[in-house]
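> no sequence on this one, just coordinates:
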């Protein structure tokens, strides 16, 4: 049977094909889109969109639930495709609940309007009547299928329904992606043909999406990671102007990625006309690798080029374990589940400095769904500023005070500086009973016009900028050695806000950063050289510890 309609000629087999395989509607250009010039044209798949559909087809053939993370450069049409798939499945099949979820209201409305446009322009043979259409829902009459839209600000989005399809747009920018995804993951059955696709540009190293991306790449989850570099978009190329010659840097990029001169011409034009002449901005908006995407995005307060060098040269896992008191001496017990991480054990005549940041200590949900911050400590060699040990844990304040005491005793009873901001004061008061070499901060009291020393380090609006500036200088001038992957990650996600303040990127932590910065600040208050008497006492302590360690090996 032939159907005469203004959009074209369709057979009844076409209508059946769209219901049996809704992707057919997309692949065969039965939907329409609005161009940047404001024209309505048939939606024709580009190279990136074809790759996404190919992966979906592959997962379908394997009988797997479709779970895909997409990390991409700008303006590649991923959202346009996903909305087309959502409309095709929801409109052509019965009993389908689909969810469109974006990072903000403008994003949600923009994506939702795509679905409305698909419905308005689709040929009448594929257009099922609507029972309801408003700013939050498209519901198809008599089919029990609907498309709902929401924003990531609603952490309960996805909890009211069972969904067969979900689109998570700009996931890296969700306010609390972890909490939202915990609820949504329960709402999407682990069945073949259910679809969940999270697509986003990068938002720095750290956060929920970064963690999930790493796990997916390592094969630790069933999600498929798809990264699309800028040069995979076949439209990102332009004519080669007369006299066009590559710089040494451009030649390296061309060779490394196997690019063409037309692609390099487009890249140069894009940098000049769209990126304010900045290669860094281009790399942020149009990354060439997934690693580059994470590293160049975000608003890191510290020098990212120097952090990259640290990542490639000095970072390593170290040795995990616990500190225990054995015969009045502290010993290190290796244990992969331990919260103490050691890179270098104390040696004779070495001096150390310890900075500590305190949390509430109990690992529970808090407002916004984020876990409580960690209690942390960073141990640095006083002379070289090399990181030698680290603690990162959730312990009650009094238990953590005991842990700090062991850490200090292990590292030659050297100075410990604890942030006294609540709840650090409680830890300090408890630690003062057990450990004597604690840092005291000198405060100036306006009322009495006198200076008074108070126990612990105070982080406030005056001291924090100084701490951060000093840390950045230390990093830029390569004056310290950092080994901890966790500390490096926190440094990379420690960002500058619009108001000039600095803090952890949303969904990330900065407890190790604060502990490290405190250690750097208080190091000038600890003597670098030990006295002869102290050296002899330390030699005796080391010999005693060596003897005990020999006795307990294999314990």
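Here it is on my side, so go on. Note that the coordinates shown come from a computational prediction; the quantities given were computed from them, not determined experimentally. Numbers count the residues shown, from 1 in each chain.
> packing partners for the helix or strand containing residue 118?
According to DSSP states H and E, residue 118 maps onto helix 105-121. On a contact count with 3 or more Cβ pairs under 8 Å, 6 or more residues apart in numbering; DSSP states H and E, helix 105-121 meets strand 32-34, helix 78-92, strand 97-102, strand 137-140, strand 145-151, strand 165-169. Where C-beta positions appear, they are placed from N, C-alpha and C, glycine not excepted.
> and it, what's buried?
Within helix 105-121, the residues that qualify as buried are 107, 108, 111, 112, 114, 115, 117, 118, 119, 121, counting by 16 or more other Cβ atoms under 10 Å.
> tell me who's in contact with the fifth one.
Applying Cβ atoms under 8 Å, 6 or more residues apart in numbering, we find residue 114 in contact with 33, 79, 80, 83, 84, 87.
> residue 491 reaches residue 475, doesn't it?
Yes - here residue 491 reaches residue 475: they are 7.5 Å apart, a contact under Cβ atoms under 8 Å.
> who touches both of those two?
With Cβ under 8 Å, 6+ apart as the test, residue 491 and residue 475 both reach 302, 307.
> which of these two has more neighbours?
Between residue 491 and residue 475, counted using other Cβ atoms under 10 Å, residue 491 has the larger neighbour count: 29 against 20.
> SS state for that one?
Classification of residue 491 by DSSP: H, G, I helix; E, B strand; the rest coil places it in helix.
> quick one: contacts for it?
Listed by Cβ under 8 Å, 6+ apart, the contact partners of residue 491 are 300, 302, 307, 475, 482, 513.
> tell me which helix or strand in this structure has the weakest average pLDDT.
When each helix and strand of the chain is scored by mean pLDDT, DSSP states H and E, strand 2-5 comes last, with a mean of 36.
> ok so, going back, dump the helices and strands packed on helix 105-121 into CSV; add distance to residue 469 as well.
As requested, those are exported to CSV (distance: least, Cβ to Cβ, whole Å):
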stretch, distance to residue 469
strand 32-34, 48
helix 78-92, 39
strand 97-102, 36
strand 137-140, 51
strand 145-151, 36
strand 165-169, 37
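> let's have the ones you listed in JSON lines, adding distance to residue 286 and mean pLDDT.
Below are the helices and strands packed on helix 105-121 laid out as JSON lines (distance: least, Cβ to Cβ, whole Å; pLDDT from 0 to 100):
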{"stretch": "strand 32-34", "distance to residue 286": "22", "mean pLDDT": "91"}
{"stretch": "helix 78-92", "distance to residue 286": "14", "mean pLDDT": "95"}
{"stretch": "strand 97-102", "distance to residue 286": "22", "mean pLDDT": "92"}
{"stretch": "strand 137-140", "distance to residue 286": "33", "mean pLDDT": "90"}
{"stretch": "strand 145-151", "distance to residue 286": "27", "mean pLDDT": "91"}
{"stretch": "strand 165-169", "distance to residue 286": "19", "mean pLDDT": "94"}
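> pull the most distant pair out of the contacts of residue 114.
For the contacts of residue 114, with distances taken as Cβ to Cβ, the pair at the greatest spread is 79 and 87 (12.4 Å).
> follow-up on the earlier one: any idea which helix or strand comes after the helix holding residue 118?
As assigned by DSSP H and E, the chain's next helix or strand after helix 105-121 is strand 130-133.
> filter the contacts of residue 491 down to the ones in helices?
Judged by DSSP state H, the contacts of residue 491 include 307, 475, 513 as members of helices.
> correct me, but the first one touches residue 488?
Think residue 307. Yes - the pair residue 307 and residue 488 passes the contact test of Cβ under 8 Å, sitting 6.6 Å apart.
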